[in-house]
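Novice: When you get a sec, could you give me coordinates for this:
(one chain, ligands or ions: 2)
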Amino acid sequence: MNESESEMQARLLAKALPFMQRYENKTIVVKYGGHAMGNPELGKAFASDIALLKQSGVNPIVVHGGGPQIGAMLNKMGIESKFEGGLRVTDQKTVEIVEMVLAGSINKEIVALINQTGEWAIGLCGKDGNMVFAEKARKTVKDPDSNIERVLDLGFVGEVVEVDRTLLDLLARSEMIPVIAPVAPGRDGATYNINADTFAGAIAGALNATRLLFLTDVPGVLDKNGQLIKELSVAEARALIADGTISGGMIPKVETCIDAIKAGVQGVVILNGKTAHSVLLEIFTEHGIGTLIVP
Ligand SMILES: Nc1ncnc2c1ncn2[C@@H]1O[C@H](COP(=O)(O)OP(=O)(O)O)[C@@H](O)[C@H]1O
Ligand SMILES: CC(=O)N[C@@H](CCC(=O)OP(=O)(O)O)C(=O)O
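Specialist: Ligands and ions are numbered 1, 2, ... in the order given. Okay, the predicted model is just below:
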């Protein structure tokens, strides 16, 4: 017989009880990616996990993406998505749509899901409470043939330059769970589109978070035989990038993990967002389910 959602929740909850005090009063930043959002049942399970963290005395902060959803909206408006080095080339029209989708519909969808559990979520972006300031990203790429470095003009793609903890510290002492979209203003008055992984890393670093979780579409970092690696030091993670075991989209993700650890996060976990209740299974079980990266 298939287990119902409520039966599954009850079973996981019983297992979680012994571990619930481990992260009391600790900050856990969870990056919820656009690909993990597609399935309504998974979305509900995610919201109930975040609610349970809050009820257990943890300070959960959700940072979300929405790349595929931005792509779909741009498509509707007849605008083509273009990426360079994994980042969306963002002109003025595009940044308006990015803000509308990320800080608008997606942000409110996640807030509503968490609120449906009976908890209180509040939707924000970097602009709210002067939380995050960005500046134009300065990215370069190396031409593989000539080896010449080229500066990329990505338009309104930003890098975080400043995080002010005031609002997040205030919310940590309240009933509210912050849900943050990776959009931030520049000191120049422009609005910047920031990669959600990078944004989550900057927030977690500024708060010296105990854990930063990256929900993705694989169980974690896999070794050469496709087996999950349970724990990695920064040095081991770098070695896996250098020898090609870590490739593609996993490279910037692991690099973001390393940057977050350098910025003061105690441990970063890459885990499968497509597993129901993955947050609960990571935080409230003895060994977690993903790859833990530590200093
Ligand atoms: N060693 C590795 N372990 C796990 N995934 C890897 C590895 N090397 C490359 N990848 C790829 O990285 C992908 C995750 O990166 P990405 O698609 O950018 O994540 P997201 O869209 O969730 O931000 C995986 O789906 C996998 O194809
Ligand atoms: C600069 C840049 O590329 N920004 C991303 C922001 C959203 C994001 O990162 O969403 P996921 O986590 O779902 O990929 C974008 O425009 O798609």
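
Novice: Where does Ala200 fall, secondary structure wise?
Specialist: helix 196-206 (DSSP states H and E).

Novice: and if you look at Lys15?
Specialist: Element membership for Lys15 (DSSP H and E) is helix 5-16.

Novice: follow-up on the earlier one: for the helix holding Ala200, what is the average pLDDT?
Specialist: For helix 196-206, mean pLDDT is 97.

Novice: Packing partners of it?
Specialist: Judged by 3 or more C-beta pairs under 8 Å, 6 or more residues apart in numbering; DSSP states H and E, helix 196-206 is in contact with strand 27-32, strand 59-64, strand 132-136, strand 158-163, strand 211-216, helix 250-262. The C-beta positions use only the backbone N, C-alpha and C, and glycine is treated the same way.

Novice: and if we set it to 6 Å?
Specialist: Using 3 or more C-beta pairs under 6 Å, 6 or more residues apart in numbering; DSSP states H and E, the elements in contact with helix 196-206 are strand 27-32, strand 59-64, strand 158-163, helix 250-262.

Novice: Distance from it to the middle of the chain?
Specialist: Mean C-alpha position of helix 196-206 versus that of the full chain (C-alpha atoms, centre = their mean, to the nearest Å) differs by 8 Å.

Novice: For the nearest residue to Ile283 once chain neighbours are set aside, which three-state class applies?
Specialist: Leaving out its chain neighbours, the residue that sits closest to Ile283 by C-beta to C-beta, 6 or more residues apart in numbering is Tyr23, at 6.2 Å. Judged by DSSP: H, G, I helix; E, B strand; the rest coil, the three-state class of Tyr23 is coil.

Novice: Please apply the same query to Gly118.
Specialist: Secondary structure state of Gly118, per three-state DSSP, is coil.

Novice: Could you pick out the longest helix of this protein?
Specialist: Longest helix of the chain, by residue count under DSSP state H: helix 40-55.

Novice: Check whether that helix comes near ligand 2.
Specialist: No: Helix 40-55 lies apart from ligand 2 when judged by C-beta under 6 Å from any ligand atom; the minimum separation is 13.7 Å.

Novice: just stretch 148-160 next, same as before
Specialist: Yes: interface with ligand 2: stretch 148-160 contributes Val157 (C-beta under 6 Å from any ligand atom).

Novice: just to revisit the earlier point, distance from the chain centre to the helix holding Lys15, please.
Specialist: 25 Å.

Novice: now the angle from it to helix 40-55?
Specialist: Helix 5-16 runs at 40 degrees relative to helix 40-55, counting by axes from the mean of the first three to the mean of the last three C-alpha atoms, to 10 degrees.

Novice: what is the mean pLDDT for helix 5-16?
Specialist: On average, the pLDDT along helix 5-16 is 83.

Novice: do the same with stretch 42-56
Specialist: Mean pLDDT, stretch 42-56: 96.

Novice: helices and strands around the helix or strand encompassing Thr140, which ones?
Specialist: Assigning secondary structure by DSSP H and E places Thr140 in strand 139-142. Strand 139-142 sits against strand 149-152, with contacts defined as 3+ C-beta pairs under 6 Å, 6+ apart.

Novice: helices or strands up against the strand it packs on?
Specialist: strand 139-142.

Novice: and the strand it packs on, anywhere near ligand 2?
Specialist: No: Strand 139-142 is not in contact with ligand 2 by C-beta under 6 Å from any ligand atom; minimum separation 9.9 Å.

Novice: Any idea how far apart the tips of stretch 49-62 sit?
Specialist: 11 Å (C-alpha to C-alpha, to the nearest Å).

Novice: so how far is Ile251 from whichever residue of the stretch 51-200 of the chain sits closest to ligand 1?
Specialist: Across the stretch 51-200 of the chain, the shortest distance to ligand 1 (C-beta to the nearest ligand atom) belongs to Asp197, at 6.1 Å. Per C-beta to C-beta, to the nearest Å, Asp197 is found 11 Å from Ile251.

Novice: higher neighbour count, the two?
Specialist: Shown here are Asp197 and Ile251; by other C-beta atoms under 10 Å, Asp197 has more neighbours (25 against 14).

Novice: sorry, back to before: tell me which residues of the longest helix of the chain are tucked away?
Specialist: For helix 40-55, burial by neighbour count (16 or more other C-beta atoms under 10 Å) applies to 42-43, 45-54.
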